[in-house]
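K.L.:
Here is my input, please return the structure:
(one chain, ligands or ions: 1)
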Amino acid sequence: MPSLVLDGLVKSFGEVRALDGVSFQVAAGELFGFVGANGAGKTTAMRIVLGVLSSDAGAVTWDGAPVGPDVRRRIGYMPEERGLYPRMKVGEQLVYLARLHGLSIAAATQAMEHWTEVLGVADRRGDAVEKLSLGNQQRVQLASALVHGPDILVLDEPFSGLDPVAVGVMSEVLRGQAERGVPVIFSSHQLELVERLCDRVGIIRSGRLVACGTVDSLTATARPRWTLEAELPPAWVPAADGETRVEPVAGGAWLVEAPDAAAAQTVLAAALAAGTVRAFTPSRPTLTELFRDVMLEPSEVPA
Ligand SMILES: Nc1ncnc2c1ncn2[C@@H]1O[C@H](COP(=O)(O)OP(=O)(O)OP(=O)(O)O)[C@@H](O)[C@H]1O
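P.N.:
The predicted model follows:
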């Protein structure tokens, strides 16, 4: 199965090392979420895939061969800075972009009609892009990434600023693309969405990939946690050693992070002594919690 491979990408802008040896791959049919704080390097990595930027070192390959102009023509790209002509009409613009990718006028028109329909902007085909709300412009931007039937999708924050209905539509479209065998890579700060939607995620921090895999595999290696549900004084926190963390969370529950089951049992005993325990269950961190932990880890101190 072909894969898009980013191998050891390095990129500096003057003193800023935006990418410091980033490697990961996205297989055909896989939905890959690329997450990281502002300025971590996501856009830079995606621009290098597209050839908009060149890397200082490293390579990008598709199906084992370097990505050149021929492969790039088959990529559907949604750039962060967006790239539509504001005064051009939605329908004309999408047909034009599809034609640039080599589609006949009939095929381009059909693709434009299909994607504007699917993305809920069919009634805006005759309007200039600048007349649309930002969310609708974004739907058109996704349509422009899809209209030429790409083999690879690279989308920079496709979900930002969308209403919940549009998020649902966009999610289904990306899932559908993955199901037809397209590798889909997208960046997002909406971690719950990434967790729900993606087969695998990569977390980038200061130009380095610090975690990569299925959400299950990433959260399985985190420190053991339990959820305590109990009737206890609202600010209840038991005395615990430095290795054990107990934090109230919403809805009469506490998160217990402990080095082992014995330490967790000590917390449970304290809760039983202080009130009524409804449940004490092992739990896995969410991607949001995992992300926060990764961000809080001290970075390496240079030698
Ligand atoms: N053209 C450029 N010139 C100078 N510095 C740049 C340029 N592009 C990116 N950078 C720097 O490279 C680093 C990585 O930026 P990048 O845009 O890739 O981050 P990002 O993860 O996409 O962030 P965000 O979530 O805010 O979009 C940042 O420190 C940024 O300021």
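
K.L.:
isn't Glu243 right up against Ala258?
P.N.:
Yes. Contact criterion Cβ atoms under 8 Å: Glu243 and Ala258 qualify, at 7.1 Å. For the C-beta atoms, the positions are set from N, CA and C on the backbone; glycine is no exception.

K.L.:
Which one's more surrounded, the two?
P.N.:
The residue with more neighbours, out of Glu243 and Ala258, is Ala258; 22 against 11, by other Cβ atoms under 10 Å.

K.L.:
tell me the contacts of the more buried one?
P.N.:
With contacts defined as Cβ atoms under 8 Å, 6 or more residues apart in numbering, Ala258 is in contact with Arg223, Pro224, Arg225, Trp226, Glu243, Thr244, Arg245, Ala264, Val267.

K.L.:
try it again with 7 Å
P.N.:
Applying Cβ atoms under 7 Å, 6 or more residues apart in numbering to Ala258 gives the contacts Pro224, Thr244, Ala264, Val267.

K.L.:
cool, and Ala122?
P.N.:
If you count contacts by Cβ under 7 Å, 6+ apart, then Ala122 has Thr116 around it.

K.L.:
Dump the one helix or strand Val267 maps to to CSV, restricted to CA.
P.N.:
Val267 is located in helix 261-274, with elements delineated by DSSP states H and E. Listed in CSV are the C-alpha atoms of helix 261-274, where the atom choice follows Å, rounded to 0.1, in the frame of the first residue of the first chain:
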residue,chain,number,x,y,z
ALA,A,261,-2.7,0.1,41.9
ALA,A,262,-1.6,0.1,45.5
ALA,A,263,-1.2,3.8,45.6
ALA,A,264,-4.6,4.2,43.9
GLN,A,265,-6.2,2.0,46.6
THR,A,266,-4.8,4.4,49.2
VAL,A,267,-6.8,7.2,47.6
LEU,A,268,-9.9,5.0,47.4
ALA,A,269,-9.6,4.2,51.1
ALA,A,270,-9.3,8.0,51.9
ALA,A,271,-12.4,8.6,49.8
LEU,A,272,-14.4,5.9,51.5
ALA,A,273,-13.5,7.4,54.9
ALA,A,274,-14.5,10.9,53.8
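
K.L.:
where are the low-confidence patches of the stretch 201-303 of the chain?
P.N.:
Within the stretch 201-303 of the chain, the set of residues satisfying pLDDT under 70 comprises 299-303.

K.L.:
Thr116: helix or strand, and which one exactly?
P.N.:
Thr116 is located in helix 105-118, with elements delineated by DSSP H and E.

K.L.:
What's the first helix or strand after that helix?
P.N.:
Proceeding C-terminally, helix 105-118 gives way to helix 134-146 as the next helix or strand, assigned by DSSP H and E.

K.L.:
How about residues contacting that next one?
P.N.:
76-78, 82, 84, 90, 94, 97, 115-116, 119-121, 124, 129, 132, 153, 155, 158, 161-163, 166, 170, 173.

K.L.:
which among those end up buried?
P.N.:
76-78, 82, 84, 90, 94, 97, 115-116, 119, 121, 124, 129, 132, 153, 155, 158, 162, 166, 170, 173 (16 or more other Cβ atoms under 10 Å).

K.L.:
The most centrally placed residue in the chain: what's it in contact with?
P.N.:
Ranked by distance to the mean C-alpha position of the chain (Cα atoms, centre = their mean), the top residue is Gly33 at 3.0 Å. Taking Cβ under 7 Å, 6+ apart, we find Gly33 in contact with Phe186, Ser188, Val194, Leu197, Cys198, Val201.
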